[in-house]
Each structure stands twice: as structure tokens, then as C-alpha cells.
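Visitor: predicted model follows, preceded by the sequence.
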Amino acid sequence: MGKCRVLIVGGTGYIGKRIVKASLDQGHPTYVIQRREIGLDIDKLQTLLEFKKQGARLVQASFDDHQSLVDAVKMVDVVICTMSGVHFRSHNILLQLKLVEAIKEAGNVKRFLPSEFGMDPGRMENAMEPGRVTFDEKMEVRKAIEEANIPYTYVVANCFAGYFVGNLSQMDSLIPPTEKVRFYGDGNVKGVFMDEYDIATYAIKTIDDPRTLNKTLYVRPPGNILSQRELVEIWEKLTGKKLEKIYVSAQEFLAPIKSLDFASQVGVGHFYHIFYEGCLTNFEVKEEASKLYPEVDYKRMDEYLKLYV
């Protein structure tokens, strides 16, 4: 039996680039949407041309042209959407709903992975505003998928290491602090931190696996369930230098939220749920990626942090 054909929408994005690579690496005929709206974005175009050089097929389509989306979907067995940025935008939700309509009309898709790859929106109904909108919108997409009877897998990948590990989970930088580190509460609440390519590898593994059909896959390998304190300890061991610890209470952390711009308010809310409430680890999971796919040698965070030394 041949490998299933995969269409990736949003392939030039942060997680999208890794999904394209993982699909190619696992031997799937890989198709990537080249949106007509790309305009003069030379970086995106060159990324797409690089995919082509690696063996991907570029497919011209536009969200303003429903038929072009339907035609693109009909070429493949699996559709993966990776259009989310750091913070999900309402505009992208509308585009995903258009994609769901195209998949429904095409009628041939064996699996759809919508743009998730973060926290589980199904567990965030009590999230604070305004960050809650990002979860509500993802649930809207899930509802449309399920109402259309489209076979799906939702991939809950937790924290991208690039945004949460290299900076020891500090909000104001992407690189490690040199003198002081802010701890959320006592720093002992457990999170889940993943190398972005490992997330992509696990996502592609699910696409023809009956065990993940119409299920949520949690990317939560035991070796990467760590507290912020443990991350800092790994860093201190790697560098041989102790950082000054500043402990920030929940009240102090949330105090300035009203004065921040929208994106920062969303970020603060998400950090609060992860590092004060433990929303990534305070429940049991069934379909866990490292148990389903023990052959994947996922990157531990001590290895990841060596990049920054």
C-alpha cells in the first residue's frame, strides 16, 4: 500500500515548515498550497521553492476561490492546516472554516489535522479573557469538522521550545537571561516542552494510524514534563552559573494585564494557565504520542538548551 498523499496549508509558517519537512522525511507525497495572496512576500516564496527542490509539489489555490481549494483537496488523502501564528487570529479561523467547507465538498479526505499544536482548547472553557477567544475559535473549527463528519486528529503539542525553553520561559525575550530569572509562583508547576520538529514528526505519524482517528493526540512525553525550576536547573548546570531568583505571585503577575496590548494580554493569560494553574499536566491522557510511537527519539530539553550555551 502506498503512502498517503498529504496537503499542507500554511506550510511557510513556524510549525508549517517543520510539518512539510516531516511529511517529506517520512516518505509521503507532499503537496503545499501556494496561495495567490502571497503577493510580494519573497521570504515565503523562497521557502516554497525550497520545498519544491526537496520534492514537494506546489499547488496554486486561494481562499477567495472555493473551487481552487476543493480541487487542491481532491489531489490528496490527508489535509493538515498550520495557519496559526504565535497567537491565533480570527482571520485565520474564517480561513479554516472555508477549508473545512472545501474538504466537506471534496468528500475524499481520510484525515484532517486542523491548526491546533498548542494547548487543548477542549479543556480551556474557563480560560480568562481576552486569551480565551483563541480557544473558543479553535473549538468553533472543531465543531464544524465534527458536524461535517470529516475524519480528524487534533494534535495538542503544548509548549514550543523555541518560545518557552531557550528563554527559560521569560516573557520578554527569546534568549536565556544572564543575571536574574523570574519564577511564576514557586516555579514548581509542571509544563510540557517540545522541540518543534518532534511535534511535526508525531503529527505526521498520526495521519494513517487508526488509533488516532477522531481522537486528540497529546504530545506529552514523560522526559519533557518539567517545571520552570527544572528548566532553570538544567541551564545552570550547562553554564555553571547560578541565576538570581525572583518569585512572582499570581496577583503580581496579573496586576498589569489591563494596561497591555491585546496580544500581550493573551500571552499573559496563557502563561498564567500554564505556570500557575498547571493546565497542561493536571489531567490524565489516553492517546500520548511517545507511547504510541516509541520509535521516535524525541529531543530532551537539556539537549535543546545546549543550542543556547
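Guide: That came in fine, so what should we check first? Residues are numbered from 1 along each chain as shown.
Visitor: how much space separates the most centrally placed residue in the chain from Q67?
Guide: Centroid-nearest residue in the chain, with C-alpha atoms, centre = their mean: F117, separated by 2.6 Å. Relative to Q67, F117 is positioned 28 Å away (C-beta to C-beta, to the nearest Å). For the C-beta atoms, the positions are set from N, CA and C on the backbone; glycine is no exception.
Visitor: count of residues packed around I225?
Guide: 15 (other C-beta atoms under 10 Å).
Visitor: contacts only, for it.
Guide: Going by C-beta atoms under 8 Å, 6 or more residues apart in numbering, I225 touches K190, G191, V192, T281.
Visitor: where does it fall, phi/psi-wise?
Guide: phi -90, psi 100 (degrees, to the nearest 10).
Visitor: is it true that F262 touches V133?
Guide: No. Using C-beta atoms under 8 Å, F262 makes no contact with V133, being 9.5 Å away.
Visitor: these two: who's more crowded?
Guide: V133 (18 against 11).
Visitor: that one belongs to a helix?
Guide: Yes. Counting by DSSP: H, G, I helix; E, B strand; the rest coil, V133 falls inside a helix.
Visitor: any idea how far it is from R182?
Guide: 26 Å.
Visitor: same check, this time on V268
Guide: Taken as C-beta to C-beta, the span from V268 to R182 is 13 Å.
Visitor: SS state for the residue nearest to L260 when sequence neighbours are not counted?
Guide: Take L260 and drop its neighbours on the chain: the residue closest to it by C-beta to C-beta, 6 or more residues apart in numbering is V268, 6.6 Å away. State at V268, reduced to three classes by three-state DSSP: helix.
Visitor: please apply the same query to A61.
Guide: Taking three-state DSSP, the label given to A61 is strand.
Visitor: pretty sure it is touching I33, no?
Guide: Yes. Because the distance of 5.2 Å satisfies C-beta under 8 Å, A61 is recorded as touching I33.
Visitor: return every residue with contacts to both of those two.
Guide: Common neighbours of A61 and I33 (C-beta under 8 Å, 6+ apart) are A72.
Visitor: in this protein, what helix or strand scores lowest on average pLDDT?
Guide: Scoring the helices and strands of the chain by mean pLDDT, DSSP states H and E places helix 90-106 at the bottom, with a mean of 92.
Visitor: and the following helix or strand past it, how far from the chain's centre?
Guide: The first helix or strand that comes after helix 90-106 along the chain, using DSSP states H and E, is strand 111-113. Strand 111-113 sits 15 Å away from the centroid of its parent chain (C-alpha atoms, centre = their mean, to the nearest Å).
Visitor: I'd like the mean pLDDT over strand 111-113, please.
Guide: Mean pLDDT, computed over strand 111-113, is 98.
Visitor: so V73: helix, strand or coil?
Guide: Assigned by three-state DSSP, the conformation of V73 is helix.
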